[in-house]
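Novice: Provided below for reference: sequence and predicted model.
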Amino acid sequence: MTLLDVARIAADFPILGRTVRDGQRLVYLDSGATSQKPRQVLDAEREFYEKHNAAVHRGAHQLAEEATDAFESARLTIAQFVGAQTDDIVFTKNATEAINLVSYAFLNATLKAGRGMSLPDGAQRFVLAEGDEIVVSEMEHHANLVPWQELCDKTGAVLKWIGLTDDGRLNYNDLETVLNSRTKIVAITQQSNLLGTINDVGAIVAAAHGVGALVLLDACQSVPHMPVDVAALGVDFIAWSGHKMLGPLGIGCLWGRAELLAAMPPFITGGSMIETVQMDRSTFALPPKRFEAGVPMAAQAVGLAAAVNYLNAIGMDKVQAHEHALTSYALGALGDMPGVRIIGPLDSRDRGSAVSFVVDDIHPHDVGQVLDEHGVEVRVGHHCAWPVCRRYSVPATTRATFYIYNGIEDVDALVSGIQSAQQFFGVSV
Amino acid sequence: MKLENMYQEIILDHYRHPHGKGLRENVDAQVHHVNPTCGDEITLQVTIDPENPDRVIVSYDNQGCSISQASASILFDQLNNQSIQTGMTAVDHMVAMMQRTEEPNEDVLGDGIALVGVAQYPARVKCALLSWMAWKDAAIQAQGEESHA
Ligand SMILES: Cc1ncc(COP(=O)(O)O)c(C=O)c1O
């Protein structure tokens, strides 16, 4: 197996040294929700506050210069991580806000066009007419579903979706039937946070671009776990969160093609995002600043850049290989357990490390409770992907997700925790 | 292990053999409550006995974890055929027990006192209270219907 040196890596994460529930070793299997942070990230943030803190892009004193420099170099580091140009990376609060930024570009362009107001060149792509179509998939996180539902409600556009197969994959046949010349954007995840499925982005891009639609990729579960290169993907936007890739809470990213960002009206407005302001009107800055109203999260950007450096030092291909090995092992171990059913692809081909499962006759909450008693921290519920649970006729699942600080012994702890739950609830297997 | 505190035998019994589960036709009020963080759901109905307004019939159907299922079964035992006043008092006691501002009161809550262990797990309190909040909502609606009738 191509595993990383987990003990060495775990030593960088202060929180992994603590115990939970009366002295149990912490087995953190919830990185899909948020990852833990290495000391290097915490130190970078602290150093920013201790040495350089000032409001970015405001004022001309030395600290303001240093803070602005730290913020913009962080943007460069993060852009390079996904093969992007620096100015095409917009900082947001999280992936949810990044996706909303794009859905609101459509709404705002549509509203302004409806009132005959002038829009940036190229903004016509974002103007929706009644009956235009937005396409998502049935495996989306609510963050990449609800904003599009809202956009449709407000504009009269129609939401369509690509369905799922019984074995937890996208139904690629739907690409042909669902997409058509009215499709304006296809918003889809690269990796499902519930099923673990990794989607064939190439096939989606070919189909979408074939009908003239844009593609937004929800990269929340991919950027932290595999090499991602925006040029190679061929998509138009990607959105992801810093906190799932060892970075701080409170920062996410949107990457967009330069000509698209330039054509988009702003989302949140106020200071920093303007070019000129008069009492009755304003003009807006170029991207990325147009989309970064208010004093930005400089310390978090610096922390995220430190997270990128940490991951780069390991190598994203090695991160991916490590998770792949753990996932294969987990799929085998859980697959062999009587009374345990995996929700999602059973084989590790095109599959990330989110492993969702149900245990016969024990509700996922109760499974999670027993695991927690053993120090094994998993997520239970619908994982903000309620329609996926409905699709597979389960009310909820228990989900383990793995990252660079998890090893084989963590999967073993999961398995023995599930066995304890079966014993505790007297489920005969 | 603290697990036994939360999952007392009596809770597991109610979970495995829930009392009063099943919906009725022609009720005075029906509500549907969900726990949006986990997807637990309950449909709960109340019907005020036309002969005796102090008898309020409870019926429900639900799906969810052992705690939310057991709690609904216990609620049925305690509140079916009771007055709205009795029910409201019980709801208040249940909430206070979950917030740890009150000791378990067996006279009011019956088997419900076995849910006291849940109060130590904040993430599960909502599971225990789901049916009680649904009953309160339905009872208020049914009362409103009465006064409009
Ligand atoms: C696939 C996917 N998309 C979007 C999100 C939303 O991320 P955030 O809550 O950080 O905005 C998540 C987080 O759980 C996710 O897993």
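Specialist: Cool, got the structure.
Novice: pretty sure A:I238 sits in a strand.
Specialist: Yes: under DSSP: H, G, I helix; E, B strand; the rest coil, A:I238 falls within a strand.
Novice: state the number of residues packed around it.
Specialist: 27 (other Cβ atoms under 10 Å in any protein chain shown). From N, CA and C alone the C-beta is placed, and that goes for glycine too.
Novice: for it, list the residues it contacts.
Specialist: A:V82, A:Q190, A:L216, A:L217, A:D218, A:A219, A:V223, A:V228, A:V230, A:L254, A:W255 (Cβ atoms under 8 Å, 6 or more residues apart in numbering or on different chains).
Novice: just the buried members of those residues?
Specialist: Buried by 16 or more other Cβ atoms under 10 Å in any protein chain shown: A:V82, A:Q190, A:L216, A:L217, A:D218, A:A219, A:V223, A:V228, A:V230, A:L254, A:W255, out of the contacts of A:I238.
Novice: buried residues, stretch A:28-40. List them.
Specialist: Result for stretch A:28-40 [16+ other Cβ under 10 Å]: buried residues A:Y28, A:L29, A:D30, A:S31, A:G32, A:A33, A:S35, A:Q36, A:K37, A:P38, A:Q40.
Novice: I'd like the next helix or strand past whichever strand or helix holds the last one.
Specialist: Secondary structure here is read from DSSP states H and E; on that basis A:Q40 sits in helix A:39-47. On the C-terminal side of helix A:39-47, the nearest following helix or strand under DSSP H and E is helix A:62-81.
Novice: and the next element down the chain from that following helix?
Specialist: Downstream of helix A:62-81, the next assigned helix or strand under DSSP H and E is strand A:89-92.
Novice: circling back: and the ligand, which of the buried ones among the contacts of A:I238 contact it?
Specialist: Within the set of the buried ones among the contacts of A:I238, contact with the ligand (Cβ under 6 Å from any ligand atom) is found for A:D218.
Novice: which of the buried ones among the contacts of A:I238 fall in strands?
Specialist: Mapping the buried ones among the contacts of A:I238 onto strands (DSSP state E) picks out A:L216, A:L217, A:D218, A:L254, A:W255.
Novice: and whichever residue of chain B sits closest to chain A, how far from A:A219?
Specialist: Going by Cβ to the nearest Cβ, chain A is nearest to B:C65 of chain B, at 3.5 Å. Distance of B:C65 to A:A219, given as Cβ to Cβ, to the nearest Å: 33 Å.
Novice: also A:W148?
Specialist: Applying Cβ to Cβ to A:W148 and A:A219 gives a distance of 17 Å.
Novice: buried stuff in the helix holding A:Q40?
Specialist: A:Q40, A:V41, A:L42, A:A44, A:E45, A:E47.
Novice: where does pLDDT dip in the chain?
Specialist: You didn't say which chain, so I picked chain A. Chain A contains residues with pLDDT under 70 at A:1, A:428-429.
Novice: actually, chain B is the one I wanted.
Specialist: Using pLDDT under 70, chain B drops low at B:1, B:146-149.
Novice: can you give me the helices for it?
Specialist: B:3-6, B:9-16, B:66-79, B:84-98, B:106-109, B:122-148 (DSSP state H).
Novice: just chain A next, same as before
Specialist: A:6-10, A:39-47, A:62-81, A:95-114, A:146-155, A:173-178, A:201-210, A:230-233, A:258-263, A:298-314, A:316-335, A:364-373, A:386-391, A:408-424.
Novice: so which of these gets nearest chain B?
Specialist: The nearest among those, by Cβ to the nearest Cβ, is helix A:364-373 at 3.5 Å.
Novice: anything in the closest one near chain B?
Specialist: Yes: applying Cβ under 8 Å from any Cβ of the partner chain, one finds helix A:364-373 touching chain B at A:P364, A:H365, A:D366, A:Q369, A:V370, A:E373.
Novice: quick one, what contacts the fifth one?
Specialist: The neighbourhood of A:V370, defined by Cβ under 8 Å, 6+ apart, consists of A:G417, A:S420, A:A421, A:F424, A:F425, B:L3.
Novice: how about JSON lines for the helices of chain A, with distance to B:E103 added?
Specialist: As requested, the helices of chain A are exported to JSON lines (distance: least, Cβ to Cβ, whole Å):
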{"stretch": "helix A:6-10", "distance to B:E103": "43"}
{"stretch": "helix A:39-47", "distance to B:E103": "43"}
{"stretch": "helix A:62-81", "distance to B:E103": "54"}
{"stretch": "helix A:95-114", "distance to B:E103": "42"}
{"stretch": "helix A:146-155", "distance to B:E103": "42"}
{"stretch": "helix A:173-178", "distance to B:E103": "57"}
{"stretch": "helix A:201-210", "distance to B:E103": "58"}
{"stretch": "helix A:230-233", "distance to B:E103": "60"}
{"stretch": "helix A:258-263", "distance to B:E103": "60"}
{"stretch": "helix A:298-314", "distance to B:E103": "45"}
{"stretch": "helix A:316-335", "distance to B:E103": "42"}
{"stretch": "helix A:364-373", "distance to B:E103": "24"}
{"stretch": "helix A:386-391", "distance to B:E103": "38"}
{"stretch": "helix A:408-424", "distance to B:E103": "27"}
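Novice: comparing these, which comes out most buried?
Specialist: Ranked by mean neighbour count, those are led by helix A:364-373 with a mean of 24 (mean count of other Cβ atoms under 10 Å in any protein chain shown).
Novice: now that one against helix B:9-16, angle please.
Specialist: 150 degrees (axes from the mean of the first three to the mean of the last three Cα atoms, to 10 degrees).
Novice: and the angle for helix A:364-373 with helix B:66-79?
Specialist: 120 degrees.
Novice: roughly how far out does helix A:364-373 sit from the chain middle?
Specialist: Chain-centre distance of helix A:364-373: 25 Å, with Cα atoms, centre = their mean, to the nearest Å.
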